[in-house]
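S.K.: after the sequence you'll find the predicted model.
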Amino acid sequence: MTTPDLFAPEPDEAALMAQLRQTLHEHAHRYYVLDAPTIPDAEYDRMFRQLQALEARHPELITPDSPTQRVGGKVLDQFAQVRHALPMLSIRTETDTQASGAENFDARIRRELGLTDVDPALEYVAEPKFDGLAMSLRFEHGVLVQAATRGDGEVGEDVTQNSRTIGQIPLSLPAGVPTVLEVRGEVYMRRDDFEALNDKQRSLGQKTFVNPRNAAAGAVRQLDPAIAARRPLSFFAYGVGEVTPPDAGGPVWQTHFDLLQTLKSWGFPVSSLVKIVHGAAELVAYYESIGQQRDGLGFDIDGVVYKVNSLSLQSQLGFVTREPRWAVAHKFPAQEMLTTVLAIDVQVGRTGKLTPVAKLAPVFVGGVTVTNATLHNEDEARRKDVRVGDTVIVRRAGDVIPEVVSVLLDKRVDDPAIFTMPRHCPVCGSAAVREEGEADYRCTGGLFCSAQRKQAILHFAQRRAVEVEGLGDKLVDQMVDAGIINTLPDLYRLGFTALANLARMAEKSAQNILDALEKSKQTTLPRFLFGLGIRHVGEATAKALARHFGKLDPIMDASEEELLAVADVGPIVAKSIRTFFDQAHNREVVEQLRACGVNWLEGEPAPVAAQPLSGQTFVLTGTLPTLGREEAKALIEAAGGKVAGSVSKKTSYVVAGAEAGSKLDRAQELGVAVVDEAGLKELLDGGA
DNA sequence: TTACCTCGAGCTCA
DNA sequence: CTCGAGGTAA
């Protein structure tokens, strides 16, 4: 034998380390997930320190799944982007927040599956909808390698380091798990942990969090994992993403419930409130039962989720665009609170639209402090009859936008004046008029109105338009108020001194703005078009116009008829574009911007794509053998056709499926051509 | 719409 | 220390 290398680990040290890791994993699972520790904390700490000591001596033996690695991460300077192997889809929300809303889901599923009343009740899994943030955990060969936020569903942020600090997330899985396993679930904060955290924050003189969800979201977004580790987070698994079985064999699970049970056996926390239920009545009962338990749960939920249990039925049901047809989120009714109306302000938008906004005494509703609620327009304000001084019920509708539900009339005092929209713009004093058939009043001041000028500049400078980095609303306010900017081209004529004279604008900031302006000159036609702020021309239309014409001048000179030839441009949009470029001052702005050096690469007009169905109108009736209604509609529209709701002389074809109704009779009366699904497919292929 | 985190930079006071 | 901008999330 040669002289032993003094620094090599003894064989039994390596084994001891492996064994410590294993034991610590087991106890961590009992402690964090099962909430039933079997050894004293001190004993756990002793083993943990022993492993730490061994790892300090043999850093090469540290494994990424070692319990000591939960807090070892380094401070990041930003989160990396991660593309999800399988997109993280969103779940459709049932709009009816009565318990009976659950029946809609059951009815929809039965209809999609072609079941009748005599067929037996369907099996569902019902689970609470946790109020936290969605997370996807990727395990390869049983080791946690990546954790990502949901992002836009396709691409999220890599928050692996922070996820490792969450005790309930296993770092390694038992042998025999799939080689690739993505577990999806919700990171959240328990209410008691949230309270304790806020107590601690208070005692440290640091700011407290408004609600558990925001505290959890904040923790996950920490660049320093050491801070994240001090925020007590929890996790519930509710599904999977990519799964590659070791043997690459057939389906791993038959039902969603099996899947959850397996995840549980592998060490993931799965809610004990997850239940198998049958048929509409049990869905309703589940919703009611969870609603009653809600306050006592120890964590926040905002509803329940129903899923079809059978995975084969799930795949049979498939997806509508990005949402699975086999699941639905059923939220509890939005929380409502009483507050008073302090004032009704009128805001002026970019297009001059006047919007009444109720200024409210601050109330805490559904986790946030609400102080504003839009009243949309005069009719809406009158319909609700909101007046200054009124006591009103507010809620957060559809999750986010605060809404005045109603006025408590018996609490009204002094008979305040009915709200009327001012006939003059509150900012510039120009006449405000309401066109025939329109709901909105508009300030007629145009660019004379400083509010509209500000909005126009902000719109032009935003990221999705020409992007002037660092130019936000406060700065635009200052510049317009100081009179150093009036029109868009003025932006590019700004001098350093004029800028540097503004508040909080010293040399460095002024130079940054000038650099950003210089950079923004090189842009693209769609961005520029969008940035002009032509009514009804959003990003999509700007792109379509740019693609169709290739250059700006032909767009400025196009007749309404020529504009109508652009995909998705109808008479209203065409007229709006024409009106915009008919105004001399708008053309002047464009010329001056070009003269200031704003430029883009112009292209060639795109040949009008051969659209096999353009100009033709279809009406769908009955159930088609393979295509869903939405799918058929999308296919027809993609081929340039239109789908109408009822049959008339102008209808080109009626597409009839099984159990076609009166529309088929009407087609025959009018002599409209009738085709089946196969016939439709031929038409779709026809010109392609 | 509100809340959170992060960054760069200006302001304020020692 | 404070502010504004910019990003993310629900």
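M.R.: In hand now; what should we look at?
S.K.: okay, CA-based contacts and neighbour counts for the rest of this
M.R.: Will do.
S.K.: what sits closest to residue A:374 if chain neighbours are left out?
M.R.: residue A:357 (4.4 Å; CA to CA, 6 or more residues apart in numbering).
S.K.: in three-state terms, label that neighbour for me.
M.R.: Classification of residue A:357 using DSSP: H, G, I helix; E, B strand; the rest coil returns strand.
S.K.: who's it bridged to?
M.R.: residue A:345, residue A:374 (DSSP bridges).
S.K.: please tell me I have it right and it contacts residue A:380.
M.R.: No. In this structure, residue A:357 is not within contact of residue A:380 by CA atoms under 8 Å, at 11.2 Å.
S.K.: who has more neighbours, these two?
M.R.: residue A:357 (18 against 14; other CA atoms under 10 Å).
S.K.: in contact with that one, which residues?
M.R.: Listed by CA atoms under 8 Å, 6 or more residues apart in numbering, the contact set of residue A:357 reads A:344-347, A:372-376.
S.K.: let me know the closest of the residues you listed to residue A:472.
M.R.: The closest of those to residue A:472 turns out to be residue A:347 (CA to CA; 18.0 Å).
S.K.: for whatever helix or strand that closest one lives in, packing partners?
M.R.: Secondary structure from DSSP states H and E places residue A:347 in strand A:336-348. Where contact means 3 or more CA pairs under 8 Å, 6 or more residues apart in numbering; DSSP states H and E, strand A:336-348 is packed against strand A:354-365, strand A:391-397.
S.K.: any chance you could list what contacts that strand?
M.R.: For strand A:336-348, the surrounding residues in contact (CA under 8 Å, 6+ apart) are A:353-366, A:387-396, A:425-427, A:443, A:451-452.
S.K.: of the residues you listed, select the buried ones using a PyMOL command.
M.R.: Only the buried entries of the contacts of strand A:336-348 go into this PyMOL selection, using 16 or more other CA atoms under 10 Å:
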select buried, chain A and resi 353+354+355+356+357+358+359+360+361+363+364+365+366+387+388+389+390+391+392+393+394+395+396+425+426+443+451+452
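S.K.: measure residue A:89 to DNA strand C for me?
M.R.: 11 Å (CA to the nearest atom of the strand, to the nearest Å).
S.K.: where along the stretch 51-200 of chain A do the helices fall?
M.R.: A:101-112, A:160-164, A:191-203 (DSSP state H, counting those that start in this stretch).
S.K.: what residues does the stretch 501-650 of chain A put near DNA strand B?
M.R.: Residues of the stretch 501-650 of chain A lying close to DNA strand B (CA under 7 Å from any atom of the strand) are A:503-510, A:512.
S.K.: please pick the buried ones from the residues you listed.
M.R.: Buried among these (16+ other CA under 10 Å): residue A:510.
S.K.: what score does the nearest residue to residue A:181 once chain neighbours are set aside have for pLDDT?
M.R.: Leaving aside its sequence neighbours, residue A:181 sits nearest to residue A:243 (CA to CA, 6+ apart; 4.7 Å). For residue A:243, the pLDDT comes out at 93.
S.K.: what does residue A:163 give?
M.R.: Value for residue A:163, per-residue pLDDT: 94.
S.K.: still on that earlier bit, dump the helices of the stretch 51-200 of chain A to JSON lines, plus mean neighbour count.
M.R.: Formatted as JSON lines, those follow (neighbours: other CA atoms under 10 Å):
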{"stretch": "helix A:101-112", "mean neighbour count": "18"}
{"stretch": "helix A:160-164", "mean neighbour count": "26"}
{"stretch": "helix A:191-203", "mean neighbour count": "16"}
